[in-house]
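K.L.:
sharing a model that was predicted from the sequence below.
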Amino acid sequence: MTSSQFTSLAFGIGTQNKHSEWLEVFYPTPVYQPSKDLVDAIKSVTGYQSGNEAIELDAAMLTELGDAISDDIQSTLVKKLAKSSQPTVLMMMATDSEIASIPEAYLKLHLLSYRYVKPNEQNLVGIFSKLPNVAWTSDGAIDPAELEEAILKARIEGRHIEVASVDKFPKLTNYVLPTGVRIAHTARVRLGAYLGEGTTVMHEGFVNFNAGSIGPNMIEGRVSQGVLMREGSDLGGGASTMGTLSGGGEIVLTIGKDCLIGANAGVGIPLGDRCTIEAGTYITAGTLVQVFDENKKFIKLVKARELAGQSDMLFIRHSQTGAIECRTNQKAITLNDALHDHN
Amino acid sequence: MTSSQFTSLAFGIGTQNKHSEWLEVFYPTPVYQPSKDLVDAIKSVTGYQSGNEAIELDAAMLTELGDAISDDIQSTLVKKLAKSSQPTVLMMMATDSEIASIPEAYLKLHLLSYRYVKPNEQNLVGIFSKLPNVAWTSDGAIDPAELEEAILKARIEGRHIEVASVDKFPKLTNYVLPTGVRIAHTARVRLGAYLGEGTTVMHEGFVNFNAGSIGPNMIEGRVSQGVLMREGSDLGGGASTMGTLSGGGEIVLTIGKDCLIGANAGVGIPLGDRCTIEAGTYITAGTLVQVFDENKKFIKLVKARELAGQSDMLFIRHSQTGAIECRTNQKAITLNDALHDHN
Amino acid sequence: MTSSQFTSLAFGIGTQNKHSEWLEVFYPTPVYQPSKDLVDAIKSVTGYQSGNEAIELDAAMLTELGDAISDDIQSTLVKKLAKSSQPTVLMMMATDSEIASIPEAYLKLHLLSYRYVKPNEQNLVGIFSKLPNVAWTSDGAIDPAELEEAILKARIEGRHIEVASVDKFPKLTNYVLPTGVRIAHTARVRLGAYLGEGTTVMHEGFVNFNAGSIGPNMIEGRVSQGVLMREGSDLGGGASTMGTLSGGGEIVLTIGKDCLIGANAGVGIPLGDRCTIEAGTYITAGTLVQVFDENKKFIKLVKARELAGQSDMLFIRHSQTGAIECRTNQKAITLNDALHDHN
């Protein structure tokens, strides 16, 4: 094994329930494709040998690691973690294989949001079965079975516990804040979202894990699991994308460059570049579409899935005949820069 | 009166404003249809005689109640409440009558979320007039008239107060977490929502009070007041249901079993079982619909309200003629189990 | 200069990053068109002479100001601020000119939300370039560049930091709570929203800065930047309005009195009074519309923008022909009072 083949490792700090089971792990600066030196230093201290393994660490081992590691960032992190009042863990992920533990699931989600891997590039099999359901509160992660007691205890003491979410996935921004992005309402972007530089997610925007945008992009609609938007494309307010978990079936949905999906519209087929879907129009894979050429001459009637991945398409529902049409997008959609700077 | 007729009682802990008026009450384990023993024990200590009454309790009375009550759960609760720094209350609700107080309104909302009663089974008359508007903050409930001073005081001390909502209804999860549910974004589910076992509410989902799902269900759209979804049905992203407060008028809207309301669709009539509404299609009660039989033969043109409650309907807006059609749902809609496990 | 021409002044308390740069400012009771006395008192203490200037204040100067100012509200505020552990500032805004500083931008947003000025009445040029991107957290405003360290430090200490938003604009309710409004989910209303008395914003509602409602209004859809709703109008669940930043181009969009925009509908033209748009129907400026008179007689086919600002229009997409029609709104839309009281 050469060091370049080692997938990732990361030092984390997390939360466990009263049975000492992990609820979640935060990795401040995960390492993607670590150097052989770093892996060897860790081996020498922890006894780790190979494979994918989550190793719980105590203060003594963290102090030892802090001295053994030459990488400044990781060494500094490890020394800080040595003072932690919370459980700490080292995730050694030699290969990108089926997810076998909670610390491993969290590392894969971090790698997406750190932009080390793009959506659909990792093996995420097992993520739903491994991740526990968690109550995400103002006191941090709490096991749902322990929530009512925690709320009552806090009430009696005159404190308030706010429960923001009860879900397998936490919100992105409590873990990773990618550079050059704005997220107007963070509750709607899960850890594991891939948000490229220059992405703005407005209040109505949503981005699932293993989904996202290359950037720059304006996201005011819902980016479903598996969906990727390429640079310069806008997803309008309330617009829907059909992911593989959301009715889209087997098709992996990509939105090409400089596309514009209008407000309250929807799309169930991959789009090439410079495509537009009119506000309020929903195109599913099975929608019958009248195709017109650049001279506005009718060519054929097809199901939308036959147009998958093509560029320069303009989809509308004709305001007089009610028919779904695919016209040639005459004017290249010039990205509304004001949308990105001014929203 | 036999004990089986007594509707409910509950010990609560809540918040009052500076005028000692209730803002909200949390009932950790309300009792539905309490035993005669429990009611009698309470009568002996509190002097309660009959009817619906909210009785404020002090530590002495709570201690006395803790000894008098034989029910373990309630006795333990009462002993904990005796140490509370916050106001405590006992709500005795002998009958399901018009709401007369804030503690009574909160108990009825708890009964829904504890699944003791289903939507539209309780008398909720008076709930809007009785419930005060409250600022729901990271410091707990605050009277809106007292908010600005609280924020300024906190700022001067270097603390932050987060105001999550200004509304008559609080969010569900700060009060009740029903078993077997996920709620990705809790701000959109009010206390008083009925969420059956196996319900997942995604980020775009919304459930009002006195509304909900039998479970299992996937809710990615808006379940309006009064609306009930039966088992196995999915409400797609951004889909709208017309409740009695939301333009639906007098009709109480039920979505039958194994239905699928597509993303960005809408429905204003009750549906039977195995109905589908295509993504992006809005069916109001007044929509003219072409009805086809299972051989795709046109039968009649009717207003949608005439189809209310029927099963095996498939609603689409034809992609070429623009006409709203109701076809026979040929393939039974098999619930996408992946949606429930994997979202 | 007469005092009536002085635009506004305000004492604020805010947050700075580690470089002593402002992140945000809270003005508890800004003064619109202050008296000459107040301006003169401030001049005498601070040395302020003219123009728009943000003056940082220390405890000594605040104490002096508390004595010099005769206005009770401002004097009391200033004395409280003298004890602040956080940075304080005085914003003197003599004229409504291009925004030159962060304290000035925040004052203009406050003036909108305090209802001193309506949307589109202020010069907001420069607001996007002046406002910094901020991580809005349970510990208050944090510079995004300082966030990861803050989260790690809190974790190590066993505390949780919740990051609610990463955006240039904060939420309204952490700054201003206008009288007579309910906002079911505050994350979707930015500071700078103008919410008139009697406005209810439901969970699906959204109001941008420099946008809003005269009141009473029911807002369950998205009020884009620049859009103003007049009294008695309802915006249905998920309904979209095209603001100047959201695809609407140059047109400033106003919704007249007693209008009803249906759920999941959309509008890209200004509407007069008593207009209705059917649920699920999207009207953009370029939509071809068949216009009918009050006798249901076809008159003409026009682009929707030619109907801009007219009253008594009813827009539907015909459920059988698929054509977008504009009919005369026969029955005046009586506002559903229940919507306002009971939601």
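P.N.:
On my side now, so go ahead. As the structure is a computational prediction, the values presented were derived from the model and not from experiment.
K.L.:
stretch A:44-56 vs chain C: in contact?
P.N.:
No - remark: stretch A:44-56 sits outside contact range of chain C, by CB under 8 Å from any CB of the partner chain, the gap being at least 15.9 Å. In this view, the C-beta of every residue, glycine as well, is placed from N, C-alpha and C.
K.L.:
what does that stretch contact?
P.N.:
A:1, A:22, A:42-43, A:57, A:61, A:64-65, A:68, A:87-95, A:97, A:100-104 (CB atoms under 8 Å, 6 or more residues apart in numbering or on different chains).
K.L.:
cool, stretch A:117-131 as well?
P.N.:
A:32, A:96-102, A:104-105, A:108, A:111-112, A:168-169, A:194, A:210-212, A:226-228, A:252, B:341-342.
K.L.:
which ones among these map onto strands?
P.N.:
Using DSSP state E, the subset of those located in strands is A:32, A:194, A:211, A:212, A:228.
K.L.:
can you pull up the bridge partners for the fourth one?
P.N.:
Beta-bridge partners of residue A:212, counted by DSSP bridges, are residue A:194, residue A:228.
K.L.:
which residues touch it?
P.N.:
Residue A:212 sits in contact with A:112, A:118, A:119, A:193, A:194, A:195, A:196, A:199, A:223, A:228, A:229, where contact means CB under 8 Å, 6+ apart.
K.L.:
any chance of those in CSV, plus pLDDT and neighbour count?
P.N.:
Compiled in CSV, the contacts of residue A:212 are given as follows (pLDDT from 0 to 100; neighbours: other CB atoms under 10 Å in any protein chain shown):
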residue, pLDDT, neighbour count
A:112, 98, 26
A:118, 97, 14
A:119, 97, 25
A:193, 98, 31
A:194, 98, 29
A:195, 98, 30
A:196, 98, 21
A:199, 98, 27
A:223, 98, 31
A:228, 97, 22
A:229, 98, 31
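K.L.:
do you know how far the closest residue in space to residue A:327 that isn't next to it in sequence is from residue A:300?
P.N.:
Nearest residue to residue A:327 in three dimensions, chain neighbours excluded: residue A:314, at 4.5 Å (CB to CB, 6 or more residues apart in numbering or on different chains). Remark: distance between residue A:314 and residue A:300 (CB to CB, to the nearest Å) = 16 Å.
K.L.:
higher neighbour count, the two?
P.N.:
Each of residue A:314 and residue A:300 has its neighbours counted (other CB atoms under 10 Å in any protein chain shown); residue A:314 has more, 19 against 11.
K.L.:
which SSE is that one in?
P.N.:
strand A:313-317 (DSSP states H and E).
K.L.:
can you check residue A:34 too?
P.N.:
Short version, using DSSP H and E: residue A:34 is in no helix or strand.
K.L.:
who's the residue nearest to it when sequence neighbours are not counted bridged to?
P.N.:
Using CB to CB, 6+ apart and skipping residues adjacent in sequence, the residue nearest residue A:34 is residue A:9, 5.2 Å away. Residue A:9 forms beta bridges with residue A:31, residue A:92, as assigned by DSSP bridges.
K.L.:
and what of residue A:135?
P.N.:
residue A:142, residue A:166.
K.L.:
so what's it up against?
P.N.:
Contacts of residue A:135 (CB under 8 Å, 6+ apart): A:141, A:142, A:143, A:144, A:147, A:163, A:165, A:166, B:173, B:177.
K.L.:
so, low pLDDT: which residues of the stretch 1-150 of chain A?
P.N.:
Residue ranges of the stretch 1-150 of chain A with pLDDT under 70: A:1-4.
K.L.:
any chance you could map the helices in it?
P.N.:
A:36-46, A:59-68, A:72-81, A:102-113, A:127-130, A:147-156 (DSSP state H, counting those that start in this stretch).
K.L.:
mind putting the ones you listed in a markdown table, distance to residue A:277 included?
P.N.:
Converted to a markdown table, the helices of the stretch 1-150 of chain A look like this (distance: least, CB to CB, whole Å):
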| stretch | distance to residue A:277 |
| --- | --- |
| helix A:36-46 | 47 |
| helix A:59-68 | 52 |
| helix A:72-81 | 44 |
| helix A:102-113 | 26 |
| helix A:127-130 | 30 |
| helix A:147-156 | 42 |
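K.L.:
can you tell me which of those helices is most buried?
P.N.:
Stretch with highest mean neighbour count among the helices of the stretch 1-150 of chain A: helix A:102-113 (a mean of 26; mean count of other CB atoms under 10 Å in any protein chain shown).
K.L.:
I'd guessed residue A:241 sits against residue A:225; true?
P.N.:
No - judged on CB atoms under 8 Å, residue A:241 makes no contact with residue A:225 at a distance of 9.7 Å.
K.L.:
related to what we said a few turns ago, so which of the contacts of residue A:135 is surrounded by the most neighbours?
P.N.:
Neighbour-wise, the contacts of residue A:135 (other CB under 10 Å) top out at residue B:173, 28 neighbours.
K.L.:
which ones are touching the residue of the stretch 151-300 of chain A found nearest chain B?
P.N.:
As assessed by CB to the nearest CB, chain B sits closest to residue A:282 within the stretch 151-300 of chain A, at 2.9 Å. Contact partners of residue A:282, counting by CB under 8 Å, 6+ apart, are A:240, A:265, A:266, A:267, A:268, B:262, B:263, B:264, B:278, B:279, B:280, B:281.
K.L.:
farthest pair within those?
P.N.:
Taking every pair in the contacts of residue A:282 and measuring CB to CB, the maximum separation is 15.6 Å, between A:267 and B:281.
K.L.:
what about those two, which has more around it?
P.N.:
It is residue A:267, of residue A:267 and residue B:281, that has more neighbours when counted by other CB under 10 Å, with 27 against 21.
K.L.:
look up the closest residue to residue A:298, ignoring the ones flanking it.
P.N.:
residue A:292 (5.7 Å).
K.L.:
any weak-confidence spans in the stretch 201-343 of chain A?
P.N.:
The stretch 201-343 of chain A contains residues with pLDDT under 70 at A:244-250, A:330-343.
K.L.:
tell me who's in contact with the nearest residue in space to residue A:170 that is not next to it in sequence.
P.N.:
Computed as CB to CB, 6+ apart, the closest residue to residue A:170 that is not its neighbour in sequence is residue A:191, at 5.1 Å. For residue A:191, the contacting residues are A:106, A:109, A:110, A:113, A:169, A:170, A:171, A:172, A:174, A:175, A:176, A:209, by CB under 8 Å, 6+ apart.
K.L.:
tally up the residues packed near the fifth one, please.
P.N.:
Close neighbours of residue A:169, defined as other CB under 10 Å, add up to 25.
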